[in-house]
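1. Fold the following.
(one chain, ligands or ions: 2)
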Amino acid sequence: MVRAWIMDESDADKRLPHMTEPPQMVDLDYLKELGILYYKLDADNWKEEGKLDEIRKERNYNYEDEVEATRETLPSYDATLEMWYEEHIHSDEEIRFILDGSGYFDVRNRNDKWIRIETEKGDMLILPAGIYHRFTMDTKDFIKAKRLFSGVPVWTAHKRPQEEHESRRNYVKNYSPM
Ligand SMILES: CSCCC(=O)C(=O)O
Ligand SMILES: [Fe+2]
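-> Numbers count the residues shown, from 1 in each chain. Ligands and ions are numbered 1, 2, ... in the order given. Below you'll find the predicted structure:
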């Protein structure tokens, strides 16, 4: 089961879990209210399983590629990781299916607190357009993910603040986060 929690405010290593004491876990309904969708897939047999294809058809995801984050395989590793961790939005959904490894997707909740979502092999996460978020590796320092998209992919990250951005306005209207 995917776990998610309200992050502590410590400025220790971002790759650590940053749970509060006691932990403040949140569930899938909580994430859903922020517009986030979650699926569990079979990362070793996703073709045979057919679930990914169903989601693809249903949500019109007609583009996909793969990204593997290791110092050897990811161009400009340090700079890319830094970019992923800067709070931002996209004009489209961010869709990731974790094929191997693990990592943390952080999203802002309605009170502007960080919610940390722990993803690992088999987890598929869809962040809505306009949600403030960021990504970090965990201490295992390895993740491989399928990126999906509807149409010609646009990966542009718009750094916060973006209150006038159309996708942000729509997000706020639909999910009234603050
Ligand atoms: C390796 S998947 C997570 C990183 C990423 O693709 C992103 O933040 O856009
Ligand atoms: Fe992003």
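2. Can you say which helix or strand has the most centrally placed residue in the chain in it?
-> Nearest residue to the geometric centre of the chain (C-alpha atoms, centre = their mean): F105, 4.3 Å. F105 is part of strand 94-108, with elements assigned from DSSP states H and E.
3. Name the residues of the chain found near ligand 1, please.
-> 67, 69, 84, 94, 96, 135, 143, 145 (C-beta under 6 Å from any ligand atom). (C-beta placed from N, C-alpha, C; glycine too.)
4. contacting residues around the last one?
-> So that's A145. A145 sits next to 66-68, 96-99 when contact means C-beta atoms under 8 Å, 6 or more residues apart in numbering.
5. repeat that for 6 Å
-> By C-beta atoms under 6 Å, 6 or more residues apart in numbering, the contact list for A145 reads 67, 96, 98.
6. repeat for L74
-> Contacts for L74 (C-beta under 6 Å, 6+ apart) come out as T80.
7. Let's verify it: helix, strand, or coil?
-> What DSSP: H, G, I helix; E, B strand; the rest coil gives for L74 is coil.
8. and R168, what are its phi and psi?
-> Backbone dihedrals for R168, given as degrees, to the nearest 10, come out at phi -70, psi -50.
9. how near is it to W84?
-> Counting by C-beta to C-beta, to the nearest Å, the gap from R168 to W84 is 19 Å.
10. more crowded one of these two?
-> Between R168 and W84, R168 has the larger neighbour count (other C-beta atoms under 10 Å), namely 21 against 17.
11. shaky segments in the chain?
-> Across the chain, the ranges flagged by pLDDT under 70 are 177-178.
12. Let's have the contacts of A145 in CSV, adding distance to Y77 and neighbour count.
-> Formatted as CSV, those follow (distance: C-beta to C-beta, whole Å; neighbours: other C-beta atoms under 10 Å):
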residue, distance to Y77, neighbour count
V67, 12, 15
R96, 18, 21
I98, 18, 21
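13. Throw the residues you listed into CSV and include distance to E54, thanks.
-> Formatted as CSV, the contacts of A145 follow (distance: C-beta to C-beta, whole Å):
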residue, distance to E54
V67, 23
R96, 17
I98, 18
